[in-house]
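Engineer: no sequence on this one, just coordinates:
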């Protein structure tokens, strides 16, 4: 669970000017503030996520008519994370397109969340659900298909993986059952996509949904799997069980036919304490040597490698033995170098480190809680009306 809790505060007639003097409060937009409760300094990753949520609540609270949140905004409210950390607020409403004012940047504890725009959708959501907090959002399946048809391949693939992970309630302790649930959820996605057979991006969206895997634990693994899938159309297994001399391992991304294990060096593997007395790095090196002794090849990827997707793709292609890129049209159609809108400094938090032969330190990666759900204490009406 995240260390941050949000308290959204709607104000009226600018009567709460004292909020600006509260160091735990930041202004989301005129008439709407957010207080972030945390036992320590709010991590940058959690701040961006919290602000994204508060912007959605502000958009709903200040609207004159009901809005149905779609796409990335819908997945955010369903607690499903996407590649873009600072998404636009996206919705559909009955009264059509009105003049919309973008959200300004948010400054908090010497950190800054960049501004974002508001995207008005012209097509009514396929399926609408109402969340316990009262907000109307399109279903997970509808939101994923919308993203697959309209957004860039990287963003769409990561969203599909994270949605399948959530819909299947994927667990390492019940792999067979989890994988069956993933396929059931995938069929539901295809059922929604089939209503869009005439869409110009149907083939791309179909390949993305077919290649996506619910075994990815986080957006990091999903992004690496996307790169692999732009090169290789054969069998790829996530959370692959391997029994070694020192115990049972789970390979993050495995190509069984090539005996290749692609390991994502996340912070949870390299910086958390262990009960067996070994340092995380020592235990990781022992695991790697055990796998090599069993005949497996290991290719490690760090968060820093995602700063240059073309370079990472070339490195993975070399390990796959791919001589000519891409090997198939199905792989080719889901490859596109991410644009600034998808992976630029206003959309993503970037690391300053480059790939090296050693481990990337925890300070260069998201903290262990990144990607967890941020609780919301209150979002409407004015929380401080009676003060």
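Structural biologist: Here it is on my side, so go on. For clarity, every value in this text was computed on a predicted model and none was experimentally measured.
Engineer: could you look up the SS state of the nearest residue to residue 347 once chain neighbours are set aside?
Structural biologist: Using CB to CB, 6 or more residues apart in numbering and skipping the chain neighbours, the partner closest in space to residue 347 is residue 84 (4.9 Å). The way it works is simple: take the backbone N, C-alpha and C, and place the C-beta from them, glycine included. Secondary structure, DSSP: H, G, I helix; E, B strand; the rest coil: residue 84 is coil.
Engineer: residue 84 contacts residue 342, doesn't it?
Structural biologist: Yes. Residue 84 is within contact range of residue 342, at 6.4 Å (criterion: CB atoms under 8 Å).
Engineer: mutual contacts of these two, please.
Structural biologist: Common neighbours of residue 84 and residue 342, counting by CB atoms under 8 Å, 6 or more residues apart in numbering, are residue 155.
Engineer: comparing those two, which residue is more hemmed in?
Structural biologist: Taking other CB atoms under 10 Å, residue 84 and residue 342 do not tie; residue 84 has more neighbours (27 against 19).
Engineer: measure that one to residue 148 for me?
Structural biologist: Distance of residue 84 to residue 148, given as CB to CB, to the nearest Å: 14 Å.
Engineer: helix or strand: which one has residue 182?
Structural biologist: For residue 182, the host element (DSSP states H and E) is helix 175-193.
Engineer: all strands of the stretch 1-150 of the chain, in order?
Structural biologist: 4-10, 25-29, 32-38, 67-69, 89-93, 106-108, 111-113, 118-120, 128-130, 136-138 (DSSP state E, counting those that start in this stretch).
Engineer: give me the distance from the first one to the chain's centre.
Structural biologist: If you compare the mean C-alpha spot of strand 4-10 with that of the full chain, they lie 22 Å apart, counting by CA atoms, centre = their mean, to the nearest Å.
Engineer: do the same with stretch 168-186
Structural biologist: 19 Å.
Engineer: what does stretch 226-243 give?
Structural biologist: Centroid separation for stretch 226-243 versus its chain: 19 Å, with CA atoms, centre = their mean.
Engineer: same question, stretch 143-161
Structural biologist: That offset, for stretch 143-161, works out to 11 Å (CA atoms, centre = their mean).
Engineer: and for stretch 27-46?
Structural biologist: That offset, for stretch 27-46, works out to 20 Å (CA atoms, centre = their mean).
Engineer: start and end of that stretch, how far apart?
Structural biologist: 17 Å (CA to CA, to the nearest Å).
Engineer: would you mind listing the buried residues in it?
Structural biologist: Of the residues in stretch 27-46, those buried by neighbour count under the rule 16 or more other CB atoms under 10 Å are 27-29, 31-36, 38, 42-46.
Engineer: next: stretch 180-195.
Structural biologist: Here stretch 180-195 shows 181, 182, 185, 186, 188, 189, 192, 193 as buried, counting by 16+ other CB under 10 Å.
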